[in-house]
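Peer 1: Give me a model of this one.
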Amino acid sequence: MLLQMESITKSYGSVIANNQVHFSLKRGEIHALVGENGAGKTTLMRILYGMESPTSGEILLNGKPVSFASPADAIKHKIGMVHQHFMLFPTFTIAENIVIGREPSKGVGFDRKAAAAETERLGKLYGMPIDPWKKVADCSMGMQQRVEILKVLYQGAEVIILDEPTGVLTPLEVKELLVAIKGLAAQGKSFILISHKLQEIMEVADRVTVLRDGKLTGTVEAKDTNAEHLSRLMVGRDLVHISRYQISRGKPVLEVSNVTIRGVKTKPLLSDVSLHVNEGEIVGIAGISGNGQSELIQAISGLMKPEAGTVKLLGENMTGASVGAIRSRGLAHIPEDRYQWGVAKDATVTENGLMGHAIKHQKYGVLNGKGIRQMVGEWVTRFGIKTGSLSTRAQYLSGGNLQKLIVARELAQKTPFIIAAEPTRGVDVGAMEIIHGELLKKREERGAILLVSSELTEILKLSDRILVMYEGKIVGELEAESATEEQISLLMAGGKAVG
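Peer 2: Numbering: from 1, shown residues only. Down below sits the predicted model:
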């Protein structure tokens, strides 16, 4: 056995993140690690990567006990980690990002040509060809993921930890990444794959280990299990199938007409975009990241002012209005980037839950602390948000639990219209079931929802109509009942729908 983690326990005061967990890895194996948000997956891997120290237990590498005081120690022992949020310098080239910290030198200076040559060699060796001179800022998310993997390979990693590696990738990029992982494993590299996407795990993993509430609930051979069995191990119950009922659509709630936003270059970020969302309707926006979805969301929510066109909410022209004015008119917003737009990391769970709800919980300028805590506490129970207490700072919650808090807060606004941008990014199957159910419930209550998601399965499952964006334009509109993943993928790539 290449790697063994024996009886790993990690406590934070009274909170036990890992409880007597066993995990092992063979050479050339792809071993998936799954579990609900807050189950202890990331904590276990942070221990392996030297970012945390275990309270008890030991790590064996090639049968010998080891301990890591820092990621540098782990890297010295040929263990690398690609984090969920990429740690790249956008203004640097691909080669500069890959060799940083171990730069080849020429005399007393940095040898850029040697760095580029080594990057190119690595890409060819591991079946991930790459342009070493391209700046990371100009790379797709899939290419950035490739850069991160090549970076740890350059550092000599034999064990590679991938934390939610497909969370921001397009379907085509996901397929390319899974092929690359299989190819690297065939060359003897060993992978630990943290993921919520069970179908991807079934496609690529050799073994799967499941954690629930910090404890090991099972390690199984991938060929001997299926997604349903893994779901039961993760959440302790069978998932409920959620149905989307046919309901009549009402009058328009959101009306976007001929909206244009110009970029710094000649090509517009948004070009003459028009759409509407009716009462009792979910309109899905599909598209590869960077094709205008973010700018459309910002134009509707008041974060960016259109240069042309209008945005109406409930019949009132809100073009260029402030965020506060638009929210007051009836907009709630689950943002695509929870850390940048959704939470204040230094604020508590209660304080983050209060955002947007303060007026309803104050009298004569004094906040009703008891009422606020009761409100947020109900969300914690209803959405299964794992937190030590309501006074815990948001930065100590897992990404998936933060996402559940934001979704609960925004749905509780009970507005006639909500933008749900990547509502289930980074959440487990149990939380996904809850969030999907809540969005469909809002639809059935005659709410209007604009759903922006990189997950085509989510778009197809929830939407009544699907709009596809490409290079700042809406290039197709499909009824969800008759739409196929192939049609949408073709439109996303700039082709024309057929059939």
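Peer 1: Let me see the ranges of the helices in the stretch 251-400 of the chain.
Peer 2: Secondary structure of the stretch 251-400 of the chain (DSSP state H, counting those that start in this stretch): helices located at 293-301, 323-329, 349-354, 369-383, 399-411.
Peer 1: what helices or strands is the helix or strand containing residue 115 leaning on?
Peer 2: Using DSSP states H and E, residue 115 sits in helix 112-125. Packing partners of helix 112-125 (3 or more CB pairs under 8 Å, 6 or more residues apart in numbering; DSSP states H and E): helix 94-99, helix 141-154. Every residue, glycine included, has its C-beta placed from N, CA and C.
Peer 1: coming back round to it: let me have the helices of the stretch 251-400 of the chain in CSV, adding mean neighbour count as columns.
Peer 2: Below are the helices of the stretch 251-400 of the chain laid out as CSV (neighbours: other CB atoms under 10 Å):
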stretch, mean neighbour count
helix 293-301, 23
helix 323-329, 15
helix 349-354, 22
helix 369-383, 16
helix 399-411, 24
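Peer 1: quick revisit: could you point out which of the helices and strands packed on helix 112-125 sits nearest residue 48?
Peer 2: For the helices and strands packed on helix 112-125, the distance to residue 48 is smallest for helix 141-154, at 13.4 Å, taking CB to CB.
Peer 1: so how far is that closest one from its chain's centroid?
Peer 2: Relative to the chain's own centre, helix 141-154 is displaced by 17 Å; criterion: CA atoms, centre = their mean, to the nearest Å.
Peer 1: the inter-axis angle of it versus helix 112-125?
Peer 2: 100 degrees (axes from the mean of the first three to the mean of the last three CA atoms, to 10 degrees).
Peer 1: all numbers from here: first residue = 35
Peer 2: Understood, numbering begins at 35; the last thing we discussed is helix 175-188.
Peer 1: Go through helix 175-188 and flag the buried ones.
Peer 2: Using 16 or more other CB atoms under 10 Å as the test for burial, helix 175-188 gives 175-188.
Peer 1: Contacts for stretch 206-220, please.
Peer 2: 62-64, 160-162, 174-176, 179-180, 183, 187, 194, 196, 199-200, 203, 225, 227, 234, 237-238, 523, 527 (CB atoms under 8 Å, 6 or more residues apart in numbering).
Peer 1: Name the surrounding residues that touch the lowest-mean-pLDDT helix or strand in the chain.
Peer 2: Lowest on mean pLDDT, DSSP states H and E among the helices and strands of the chain sits strand 396-397, with a mean of 80. With CB under 8 Å, 6+ apart as the test, strand 396-397 has contacts from residue 402.
Peer 1: what does stretch 343-356 give?
Peer 2: Taking CB under 8 Å, 6+ apart as the rule, stretch 343-356 contacts 287-294, 306-308, 333-334, 336, 339-340, 359-360, 363-365, 450-451.
Peer 1: In ChimeraX, select just the buried ones from the residues you listed.
Peer 2: A single ChimeraX command selects the buried members of the contacts of stretch 343-356 (16+ other CB under 10 Å):
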select :287,288,289,290,291,293,294,307,333,334,336,340,360,363,364,365,450,451
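Peer 1: Isn't residue 145 up against residue 138?
Peer 2: Yes - between residue 145 and residue 138 a contact is recorded at 4.6 Å, counting by CB atoms under 8 Å.
Peer 1: OK, contacts around the residue of the chain most remote from its centre?
Peer 2: What lies farthest from the middle of the chain is residue 141; by CA atoms, centre = their mean that is 43.1 Å. Residues counted as contacts of residue 141 (CB under 8 Å, 6+ apart): none.
Peer 1: In the stretch 235-384 of the chain, mark out all the strands, start to finish.
Peer 2: In the stretch 235-384 of the chain, the segments counted as strands under DSSP state E, counting those that start in this stretch are 241-246, 249-255, 286-296, 302-312, 315-320, 342-347, 350-351, 365-368.
Peer 1: can I get these in JSON lines with distance to residue 471?
Peer 2: Shown next, in JSON lines, are the strands of the stretch 235-384 of the chain (distance: least, CB to CB, whole Å):
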{"stretch": "strand 241-246", "distance to residue 471": "21"}
{"stretch": "strand 249-255", "distance to residue 471": "24"}
{"stretch": "strand 286-296", "distance to residue 471": "21"}
{"stretch": "strand 302-312", "distance to residue 471": "20"}
{"stretch": "strand 315-320", "distance to residue 471": "13"}
{"stretch": "strand 342-347", "distance to residue 471": "26"}
{"stretch": "strand 350-351", "distance to residue 471": "31"}
{"stretch": "strand 365-368", "distance to residue 471": "15"}
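Peer 1: got those as CSV, with distance to residue 403 and mean pLDDT columns?
Peer 2: Below are the strands of the stretch 235-384 of the chain laid out as CSV (distance: least, CB to CB, whole Å; pLDDT from 0 to 100):
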stretch, distance to residue 403, mean pLDDT
strand 241-246, 33, 94
strand 249-255, 35, 94
strand 286-296, 34, 95
strand 302-312, 37, 93
strand 315-320, 36, 96
strand 342-347, 32, 96
strand 350-351, 35, 96
strand 365-368, 24, 96
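Peer 1: Which one of the ones you listed lies nearest to residue 264?
Peer 2: Comparing the strands of the stretch 235-384 of the chain by CB to CB, strand 241-246 comes nearest, at 6.3 Å.
Peer 1: relative to strand 249-255, how tilted is that closest one?
Peer 2: Using the same axes, to 10 degrees: strand 241-246 against strand 249-255 is 160 degrees.
Peer 1: low pLDDT regions in the stretch 385-533 of the chain?
Peer 2: Residue ranges of the stretch 385-533 of the chain with pLDDT under 70: 529-533.
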